[in-house]
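[1] Prediction below, plus the sequence it came from.
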Amino acid sequence: MGIRLVLGADEAGVDYKDRILKDLGSDPRISEIIDIGVNRSDAPEDFTKPYPYVGIKAGELIRDGKADRAILFCGTGIGVAIAANKVDGIRATTAHDSFSVERSILSNDCQVLTMGQRVVGVELASRLAKEWLGYVFDPTSASADKVKVLTDFEGC
Ligand SMILES: O=C(CO)[C@H](O)COP(=O)(O)O
């Protein structure tokens with residue numbers, strides 16, 4: 001079973017979202033791309049442009065078992081991460097370097113990676129997105145007990 005991946009952006013991140021959509025369209029690790037991007041004619045009626053709606057929508061899709069992961073863009077990556085983290089059970093992080101991208105999965109078991117179109121170059125964003133999709137959290141690792149503290153706190 002491949003990754004069911006949500007891609008989303010507000011108007012300040014849509015160019016990068018569309019680039020990642022193109023880059024990952026034929027990635028064999030992905031079984032489905034759910035594009036909740038801005039200005040899409042087929043976007044759900046309740047879809048709204050500002051970043052809070054993007055982050056919450058992506059978080060809800062993962063929470064509800066309709067997606068596995070999400071890569072989201074806004075100007076900084078911060079707003080979409082804050083929004084996604086408001087959804088129970090979601091761990092979203094903003095990362096613009098390889099080490100943080102790696103640890104977001106291996107240490108924190110994040111389901112959401114966010115980046116800022118005004119912060120990172122597009123080629124690096126593309127590389128980081130591909131790297132991130134290659135990491136898998138190890139539930140037998142020493143990090144698992146720490147992640148469990150988070151999920152226990154939420155009651156998830
Ligand atoms: O970067 C953003 C939020 O973190 C967003 O793309 C722009 O937000 P704004 O500065 O409030 O317009």
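    Nice, I can see it.

[2] Name the helix or strand for residue 113, please.
    Residue 113 belongs to strand 112-116 when assigned by DSSP states H and E.

[3] Can you spell out which helices and strands pack onto that strand?
    Strand 112-116 sits against helix 51-63, strand 69-74, helix 78-84, strand 92-94, helix 122-133, with contacts defined as 3 or more CB pairs under 8 Å, 6 or more residues apart in numbering; DSSP states H and E. C-beta coordinates here come from the backbone N, C-alpha and C atoms, glycine included.

[4] Need the residues that contact the fourth one.
    Around strand 92-94, the neighbours that count as contacts under CB atoms under 8 Å, 6 or more residues apart in numbering are 55, 59, 70, 72, 76-78, 80-82, 84-85, 100, 104, 108, 110-116.

[5] How about stretch 126-141?
    3, 5, 19-20, 23-24, 27, 29-30, 69, 71, 95-98, 101-102, 104-106, 109, 113, 115, 120, 143-144, 147.

[6] Quick check: the closest residue to residue 10 other than its chain neighbours vs residue 99, distance?
    Closest residue to residue 10 apart from its sequence neighbours, by CB to CB, 6 or more residues apart in numbering: residue 51 at 4.2 Å. Remark: distance between residue 51 and residue 99 (CB to CB, to the nearest Å) = 25 Å.
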